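Trainee: Only the shape, not the letters, is given here:
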């Protein structure tokens, strides 16, 4: 998996493609809301499997029916192609 940092133009393209995501201090951030805790936790389980597959893990938290996620490539030092691939897979869940 390519850990090359994305250019500002590439980040802008990613955010145009996935407008629910926002740039925040070198991370990409999004909140998800579900009908209840069980649905939120099921989503987190699916995200965990994607994260293990890519060996790329988010910063996240869960409060009842809401899941807040931030993703960045710590090894690359910013937003990378790994983040794009991760978001593309998570958004298909």
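Mentor: Done, it's in. Not measured: the values here are computed from a predicted model.
Trainee: C-alpha from now on. contacts and neighbour counts both.
Mentor: Will do.
Trainee: Neighbours of residue 26, how many?
Mentor: 14 (other CA atoms under 10 Å).
Trainee: Now do the contacts for the residue nearest to it when sequence neighbours are not counted.
Mentor: Distances taken as CA to CA, 6 or more residues apart in numbering place residue 78 nearest to residue 26, at 5.6 Å, with adjacent residues excluded. Taking CA atoms under 8 Å, 6 or more residues apart in numbering, we find residue 78 in contact with 5, 26, 27, 72.
Trainee: Relative to residue 18, how far out is the first one?
Mentor: If I follow you right, that is residue 5. Distance, residue 5 to residue 18, using CA to CA, to the nearest Å: 18 Å.
Trainee: Show me which of the two is the more surrounded one.
Mentor: residue 5 (17 against 14).
Trainee: What sits closest to residue 70 if chain neighbours are left out?
Mentor: Per CA to CA, 6+ apart, closest to residue 70 is residue 29, 4.3 Å.
Trainee: so where does the one you found fall, helix or strand?
Mentor: Using DSSP states H and E, residue 29 sits in strand 27-33.
Trainee: Equivalent analysis for residue 76, please.
Mentor: With DSSP H and E as criterion, residue 76 is part of no helix or strand.
Trainee: Next up, the contacts around the residue lying closest to it once chain neighbours are set aside.
Mentor: Among residues not flanking residue 76 along the chain, residue 3 sits closest, at 6.1 Å (CA to CA, 6+ apart). Residues near residue 3 by CA under 8 Å, 6+ apart: 73, 76, 80, 81, 82.
Trainee: Please determine how far residue 3 is located from residue 81.
Mentor: 6 Å.
Trainee: can you pull the pLDDT of the residue nearest to residue 76?
Mentor: Note for residue 3: predicted pLDDT of 74.
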